[in-house]
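> build the 3D model from these lines:
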Amino acid sequence: MPKAPVTRQARKERTRTSILDSALRLSEEGGLAKLSLRSVAKDVGIVPAAIYRHFASVEELGLALLDDSFGAMRQTMREVRRDTDLDSMIEGSIAILAKNVADRRAHFLFLARERIAGPPLVRDALHRQMELFELELAMDLSRLPQVNRWPSEDVRTLAALIVTTVTGLVEALVSSPGDRSSRQHDEEAVARTQKQLRMIIVGAANWEPPQPEPARGRRGRGARSQKAAAPAAASTGTADESD
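Next up, the predicted model:
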């Protein structure tokens, strides 16, 4: 039975996927800053003009890679945010994150590298993605019994601490030397991050949001005014008597 012909749209999607895979691999050597659309086209095996049908610039290609790479990280975090216990949520995230970094190292390496050295357009987009991720985590944290009475600003601060710590773990894992010492390096990074997160949990469990100062009533202000007025009245009376 003859195979069904491949549609034009299917070929286009297949070519786009090949471009993204190639760009992700080539960017490991020097990042997007040293990448060109021509070099990607050559690696894929298409003419340079063909790649412009998919991406108008390296920055646009970088944004597409960012969506793919950050999608992997956000999906990882969604898997553990279903827990209703803060300790379980954080502890579970470390094991799942470490496995996902190992499985999709190139994507996480792209995020870690371009966050610092990427083109401004890509860095700004990554920063916005991190803020969105932080907001999503804050919403989940606000539903937990330990946190649900906190002011929103305090919940956002806790989310930021967790995201910063997790980002540090990702950067440590993707910088693994890739030899026999890698396993020890990764285990130490995971253990260190777990300790940091436990310290954050202890702090969060004992955190008491500052209470607003009670409003001063009119009666109190009136009493002070009367006390302040009394000496003035007394001095006026003395002056009148002397006249």
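> any low-confidence regions in the chain?
Applying pLDDT under 70 to the chain flags residues 1-6, 72-73, 76-77, 79-86, 89-90, 177-181, 212-243.
> all helices for it, in order.
8-30, 37-44, 48-51, 58-80, 86-103, 105-117, 120-141, 152-174, 182-205, 218-242 (DSSP state H).
> got the buried residues for the first one?
Meaning helix 8-30. The neighbour-count check on helix 8-30 (16 or more other CB atoms under 10 Å) flags 15, 18-24, 26-27 as buried. Where you see a C-beta, it was placed from the backbone N, CA and C, and this is true even at glycine.
> now swap in the third one and tell me
Neighbour-count burial for helix 48-51, with 16+ other CB under 10 Å as criterion, is recorded at I51.
> and stretch 137-144, by the same measure?
By 16+ other CB under 10 Å, the buried positions in stretch 137-144 come out as 137-138, 140-142, 144.
> redo the residues you listed as a markdown table? Include distance to D124.
Formatted as a markdown table, the buried residues of stretch 137-144 follow (distance: CB to CB, whole Å):
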| residue | distance to D124 |
| --- | --- |
| L137 | 21 |
| A138 | 21 |
| D140 | 25 |
| L141 | 26 |
| S142 | 27 |
| L144 | 31 |
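> give me the contacts around stretch 60-72.
Stretch 60-72 is contacted from outside by 19-20, 23-24, 27, 32, 35, 37, 40, 55, 100, 104, 107-108, 110-111, 114, 118-119, 121-122, 125-126, 129, 133, using CB atoms under 8 Å, 6 or more residues apart in numbering.
> try it again at 7 Å.
Stretch 60-72 is contacted by residues 20, 23-24, 32, 37, 55, 100, 104, 107-108, 110-111, 114, 118-119, 122, 125-126, 129 when judged by CB atoms under 7 Å, 6 or more residues apart in numbering.
> again, but for stretch 145-159
In contact with stretch 145-159 (CB under 7 Å, 6+ apart) are residues 86, 134, 137-138, 141-142, 204-205, 209.
> spatially, which two of those are the most separated?
Of all pairs drawn from those, the one with the longest distance (CB to CB) is E134 and A205, at 20.6 Å.
> please identify which of the two sits among more neighbours.
Shown here are E134 and A205; by other CB atoms under 10 Å, E134 has more neighbours (17 against 11).
> so who does the more buried one touch?
159-160, 163.
> how near is it to E153?
Noted for E134: a distance of 13 Å to E153, by CB to CB, to the nearest Å.
> what's the answer for E29, then?
42 Å.
> now do L66
The value you get for L66 to E153, if CB to CB is used, is 28 Å.
> which one's more surrounded, those two?
L66 (23 against 9).
> what about the more buried one, distance to Q211?
Distance from L66 to Q211, by CB to CB: 42 Å.
> nearest to the spatial middle of the chain, which residue is it?
M130 (3.3 Å; CA atoms, centre = their mean).
> OK, contacts around that residue?
V163.
> mind doing that once more with 10 Å?
Residues near M130 by CB atoms under 10 Å, 6 or more residues apart in numbering: 70, 73, 111, 115, 160, 163-164, 167.
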